[in-house]
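Q: The sequence isn't on hand, but the structure is:
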């Protein structure tokens, strides 16, 4: 069963998502952007509805909508809006609008549960190609701007003194986040993408000594979560996306216990 083609495709999709979410998730944790990630992910449902309505690629629709939401949130943050309230309003509004828009689609069968919670076991070869391209783009952005993003995250004043533009780095991070949402939507769904962005980096942070090790550790934890979650899904007939997140949560609890042992 493990070697069935659909399982191998699901595993490949999950590992691609892990590679994309790991390093970016570290910046989400460092910058305390968990709600930002949720708002961007929830906007993906509206992107799915628009893509189906206009008969375009769902990947393209979710990417554009997620990027637009991320830009909107960044613009409002720059104007001094209370971000916890703003993100709550935008996240839930985008999700509700997406669900309402999907209900108006005529002659289109929409499995909203798959987009909300993921449907990794139905990943096709074409999905893998799109995910591979998206993951490559995110990884390239992270490698290219790693030092600049890290410096801007530590101190915007320090970044400016070194000739960097924190606003530009924030825009790059926003683009990467939108790409990750488009990449991971098929794997864990819009409602669980935030968990995949936050839990593996939080787990890796317990043991990591440097930012780079934390990023690599986040990828490893996310990848292991995918493997364990898929195995649990196949053995216990549970939903794959939530099973992956549950596995990640289990690894996080385990890391806390190991962290206490190491410190003592």
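A: That came through fine. Because the structure is predicted, anything quoted here is derived from the model rather than measured.

Q: Residue 211 is in contact with residue 23, isn't it?
A: No: Residue 211 is beyond contact range of residue 23, at 9.4 Å (criterion: C-beta atoms under 8 Å). In short, each C-beta sits where N, CA and C put it, glycine included.

Q: neighbour-wise, which of those two wins?
A: residue 23 (25 against 19; other C-beta atoms under 10 Å).

Q: May I ask which helix or strand encompasses the more buried one?
A: Assigned by DSSP states H and E, residue 23 belongs to helix 5-30.

Q: Quick one: distance of the helix or strand following that helix to the chain centre.
A: Beyond helix 5-30 in the direction of the C-terminus, DSSP H and E gives the next helix or strand as helix 34-53. Taking C-alpha atoms, centre = their mean, to the nearest Å, one finds helix 34-53 lying 11 Å from the centre of the chain it belongs to.

Q: in helix 34-53, what's buried?
A: Buried residues in helix 34-53, counted by 16 or more other C-beta atoms under 10 Å: 34-52.

Q: Show me what that helix packs onto, helices and strands only.
A: Counting contacts by 3 or more C-beta pairs under 8 Å, 6 or more residues apart in numbering; DSSP states H and E, helix 34-53 packs against helix 5-30, helix 58-78, helix 83-103, helix 112-117, helix 166-188, helix 193-205.

Q: mean confidence for it?
A: With pLDDT averaged residue by residue, helix 34-53 scores 85.

Q: heads up, I number from 695, so please use that
A: I'll keep to 695 as the first residue from here, and by that count the last item is helix 728-747.

Q: what's the angle between that helix and helix 752-772?
A: Going by axes from the mean of the first three to the mean of the last three C-alpha atoms, to 10 degrees, helix 728-747 is angled at 140 degrees with respect to helix 752-772.

Q: count of neighbours near the residue lying closest to residue 728 once chain neighbours are set aside?
A: Excluding its sequence neighbours, the residue lying closest to residue 728 (C-beta to C-beta, 6 or more residues apart in numbering) is residue 892, at 5.2 Å. Neighbour count of residue 892, defined by other C-beta under 10 Å: 21.
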